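model the structure of this input:
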Amino acid sequence: MRATPGQTATAFFALALLVLLAYGGSLENGFVFDDAIFMDRDVRVQPPVQWRELLTKPLWAIDKATPGAVHQYYRPLQLVPLAATNLWFGGSPLPCHLLNLVMHFASSLFVYGLLRRLLATPTVALLLASLFAVHPALSESVLWLSDISGLGAAACILAVVHLHARARPTVVGASGAAVFYLLSMGFKEIGLITPLLLIAFDATARRALVAHARPVPWIDYGFLLPALSIYLVLRISALGGFLPGADLSGMSLGDLAINAVALLPKYATTFVHAFDLNMYHDFTVASGLDDPRFQTGALMILVAVLIFLGTVRDRPATAFGILWAGMTAAPFLFVRWPWLNVFAERYVYVPSIGILLACSGLLQMLEPPKILKRGARMLLGLTAAVLIPLFVWIDRDRTIDWRTEKTIYGKTVTQSAGAAPIRNNLAISHLDGGEPQKGIRLQLELLAKNPSFPKAWHNLGLLYLASERPHDALGAFKEADRREPGQSATLLNLGYAYDLSGQRENAVTTYFRLLERHPGATAVRYNLAVIAYETGQLGNASEILKELIRLAPKDQPAREMLGKLDSLGRTPIGDPPSSSATHRRCREARSAAEQGHTRDATAKLRMAAWFDERSSLPHHYLANVYYLTDRIDLALRHQRKAVELAPDNELYRQNLAALDSAKLGKLGMPGMAGKAAAGSFDSSLVLKE
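Okay, here's the model as predicted:
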């Protein structure tokens, strides 16, 4: 039964008031966890906003430091609020929190509307919608800005169901449903299952509508197909597949099924007993069929099936609710990352709609006998009078927990013994608070329990740097690099710690290692330019700054430093570097090359050229190494540099001519005895200029 305008207005203001009472305090909250990471590190949401990149890249595309990283999340609409607040509101979290409240209110109103369609009693519909609006189990979704993805998906799914349940199918309605379907998937992957929910609705709840003879609007299904196709094309293009890395859990299909069933009691407990709310729930893999959690979950499934079979004919709203809860919970039961928190309270948000729908049909059983009607209403009124104020109180308390990173992390570590990522984040949050010593203490406690956590070692190094303990920081960064080699942030900070510790040779070697792995890194180029400038290698400094500005045209510090260098010209600063140090580095490189360690040889020679830009020898050696590894273009570049620095060296000139011939294809495959019309390339490494 459709709600009257008066009933709708009453529901509108009642639900709006409840949402504000429960969560209005969140407008004072900040960015935490993923929100803060995106705001700090994702250049796509920084002005000028890269809208196209948001649409065509994975959610975590900011993690370019890990080549070949597996991305499973494509949620372009999740980052839009962050981009908008950066663009129009100075990066304030308030508009984003307000949007979360609006989305949750919209879903609450949609829940009320759906219940009114399936129920004859406005009182029951408003009561259940009010419980949805303030239920503490759903508070994480409302209070955590990153779950705008879940809130947006839920609101759009409900909008599609409402349009599908209309009296007569129309092209306009079907088009609107298709748009909301596309938006739901853009917010979160759960939107994909919307057609299954529509099928469940048509198979069960449609008969509860007044016009029993109304045909199923198949036009909706046809209009959903283009939206699904658009989403799949965008998703596969962004991720490189529909669900890359689906086997990363390391669990067999049987184990996945057992653990999926074993997780069901956690969902039920969270919804029924929402009094110990936690951001991070520890997870232990279910041992097998004899695991009590699996047996409890299996019993829950059996009871749900029996209730479904007993209500599918006479209580279609309950049957539809059971299908809704099962379908929307199923995707979250898939254990993707067993080493992280597998269950999160925000996963309850969409399934809870099904639970309330199921309850609506069961509550109708209280109404038919007139003698019980008054008692039933009193019971419902008493329930509302007790539960709703209690839930609002819990929500307000939880809102304070989510105020800052320190408050939510501090609360969480008292609840979850194994929440290593949260403990790590709590420790690093003391950097912003100017209390690195507290962070160091927390981080050492974490590493004492879990020494194999690379990010904890990295963040310990940051805390040591903030405490002006570069030697301790150096040890922490080395350990982080040993446990997780090649991470961009670790290498950058390791090089910086070497520099602060007076080990500039190691710093430059580390920076070159980083550039070899991640050529697009810009911060490392600036650090190299500083070292080059301070050691009097103005040419090297100028060259790398120009490359940095090419990669990052708006890097103002780089532009200022290059301007300063241009004003100095190329006049050498200080005494020339010791030729003995240059020869030592070249000897070490030669030894490495002779042992077949060409990568080490290249790194040593690049470092030699960095610390002595006036010497031609490192470039001559580099040309040799690149020649022997069949990299003619690089060999040519360095041989030309050697000739530029030592134009009278006949050996250099002969080798340059030979390389020019090789470039033209006259030499064939490079080798020790390669011949060319212009002469042979001398690939021997000799210490002479």
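
on the three-state scheme, residue 182 is what?
Three-state call for residue 182 (DSSP: H, G, I helix; E, B strand; the rest coil): helix.

just residue 306 next, same as before
Once three-state DSSP is applied, residue 306 turns out helix.

which stretches of the stretch 301-450 of the chain have low pLDDT?
When residues are selected by pLDDT under 70, those of the stretch 301-450 of the chain lie in 337-340, 364-377, 379-380.

would you list every one of the strands in it?
Counting by DSSP state E, counting those that start in this stretch, no segments of the stretch 301-450 of the chain form strands.

so what's the nearest residue to residue 413 once chain neighbours are set aside up against?
Nearest residue to residue 413, sequence neighbours excluded (C-beta to C-beta, 6 or more residues apart in numbering): residue 423, at 5.3 Å. Placement of C-beta: from N, CA and C, glycine included. By C-beta atoms under 8 Å, 6 or more residues apart in numbering, the contact set of residue 423 is 409, 413, 442, 445-446, 456.

I'd like the distance between the residue lying closest to residue 205 once chain neighbours are set aside and residue 131.
Spatially, and ignoring its direct neighbours in sequence, residue 205 is nearest to residue 320 (3.8 Å; C-beta to C-beta, 6+ apart). Distance of residue 320 to residue 131, computed by C-beta to C-beta, to the nearest Å: 18 Å.

more crowded one of the two?
residue 320 (31 against 22; other C-beta atoms under 10 Å).

would you confirm that the more buried one contacts residue 202?
No - judged on C-beta atoms under 8 Å, residue 320 makes no contact with residue 202 at a distance of 9.7 Å.

so which of the contacts of residue 423 sit within helices?
409, 413, 442, 445-446, 456 (DSSP state H).

can I get the residues you listed in a markdown table with distance to residue 91?
Formatted as a markdown table, the ones in helices among the contacts of residue 423 follow (distance: C-beta to C-beta, whole Å):
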| residue | distance to residue 91 |
| --- | --- |
| 409 | 21 |
| 413 | 28 |
| 442 | 28 |
| 445 | 33 |
| 446 | 30 |
| 456 | 28 |
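
now those residues: which count as buried?
409, 413, 442, 446, 456 (16 or more other C-beta atoms under 10 Å).

any idea which of the residues you listed is closest to residue 8?
Set against residue 8, the nearest of those by C-beta to C-beta is residue 409 (41.5 Å).

leaving out sequence neighbours, find the closest residue to that closest one.
residue 426 (3.6 Å).

enumerate every residue touching that neighbour.
405-406, 409-410, 412-413, 442.

go with 10 Å
405-406, 408-413, 419, 438-439, 442-443, 446 (C-beta atoms under 10 Å, 6 or more residues apart in numbering).

and the gap between it and residue 396?
Distance from residue 426 to residue 396, by C-beta to C-beta: 23 Å.

could you do residue 500 as well?
Taken as C-beta to C-beta, the span from residue 500 to residue 396 is 46 Å.

please apply the same query to residue 178.
From residue 178 to residue 396 the distance is 39 Å (C-beta to C-beta).

quick one, which of those two is more surrounded?
Legend: neighbour count by other C-beta under 10 Å for residue 178 and residue 396, higher for residue 178 (21 against 17).

the helix or strand hosting the more buried one - what's its average pLDDT?
Using DSSP states H and E, residue 178 sits in helix 171-187. Here helix 171-187 scores 95 as its mean pLDDT.

what does stretch 23-31 give?
Throughout stretch 23-31, pLDDT has a mean value of 97.

for the nearest residue to residue 182 once chain neighbours are set aside, give me its contacts.
With C-beta to C-beta, 6+ apart as the criterion, residue 182 has its nearest non-adjacent residue at 4.0 Å, and that residue is residue 227. Taking C-beta under 10 Å, 6+ apart, we find residue 227 in contact with 160, 175, 177-186, 191, 194-195.

likewise residue 148?
Residue 148 neighbours (C-beta under 10 Å, 6+ apart): 35, 75, 77-82, 96-97, 99-100, 103-104, 141-142, 187-188.

secondary structure element for it?
helix 148-164.

how far does that helix sit from the chain's center?
23 Å (C-alpha atoms, centre = their mean, to the nearest Å).

roughly how far does the closest residue to residue 436 other than its chain neighbours sit from residue 97?
Closest residue in space to residue 436, ignoring its immediate chain neighbours: residue 466 at 3.9 Å, by C-beta to C-beta, 6+ apart. From residue 466 across to residue 97, the span is 29 Å (C-beta to C-beta).

neighbour-wise, which of those two wins?
Shown here are residue 466 and residue 97; by other C-beta under 10 Å, residue 97 has more neighbours (29 against 19).

pretty sure that one sits against residue 27.
Yes - under the criterion of C-beta atoms under 10 Å, residue 97 makes contact with residue 27 at 5.2 Å.

pull up the overlap in contacts between those two.
Contacts common to residue 97 and residue 27, judged by C-beta under 10 Å, 6+ apart, are residue 399.

follow-up on the earlier one: and the helix holding residue 148 with helix 171-187, angle?
160 degrees (axes from the mean of the first three to the mean of the last three C-alpha atoms, to 10 degrees).

can I get helix 148-164 in CSV? Just the C-alpha atoms.
Coordinates of each C-alpha in helix 148-164 appear next as CSV, following Å, rounded to 0.1, in the frame of the first residue of the first chain:
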residue,chain,number,x,y,z
ILE,A,148,30.1,6.6,1.2
SER,A,149,30.6,3.7,-1.2
GLY,A,150,28.3,1.4,0.8
LEU,A,151,25.8,4.2,1.6
GLY,A,152,25.6,5.3,-2.1
ALA,A,153,25.3,1.8,-3.3
ALA,A,154,22.5,1.0,-0.8
ALA,A,155,20.5,4.2,-1.7
CYS,A,156,20.8,3.5,-5.5
ILE,A,157,19.8,-0.2,-5.1
LEU,A,158,16.7,0.9,-3.1
ALA,A,159,15.9,3.4,-5.8
VAL,A,160,16.1,0.7,-8.5
VAL,A,161,13.8,-1.5,-6.4
HIS,A,162,11.3,1.3,-5.9
LEU,A,163,11.2,2.1,-9.6
HIS,A,164,10.8,-1.6,-10.4
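
got the buried residues for it?
Buried positions in helix 148-164, judged by neighbour count with 16+ other C-beta under 10 Å: 148-164.

and the chain, what are its domain boundaries?
14-396, 419-518, 522-574, 582-605+613-663 (automatic domain parsing).

turn those domains into a markdown table, columns for distance to residue 7.
Converted to a markdown table, the domains of the chain look like this (distance: least, C-beta to C-beta, whole Å):
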| stretch | distance to residue 7 |
| --- | --- |
| domain 14-396 | 5 |
| domain 419-518 | 44 |
| domain 522-574 | 55 |
| domain 582-605+613-663 | 74 |
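
of those, which is nearest residue 4?
domain 14-396 (8.2 Å).

first to last residue in the closest one, what's the distance?
18 Å (C-alpha to C-alpha, to the nearest Å).

how distant is that domain from the center of its chain?
Distance, centroid of domain 14-396 to centroid of chain: 19 Å (C-alpha atoms, centre = their mean).
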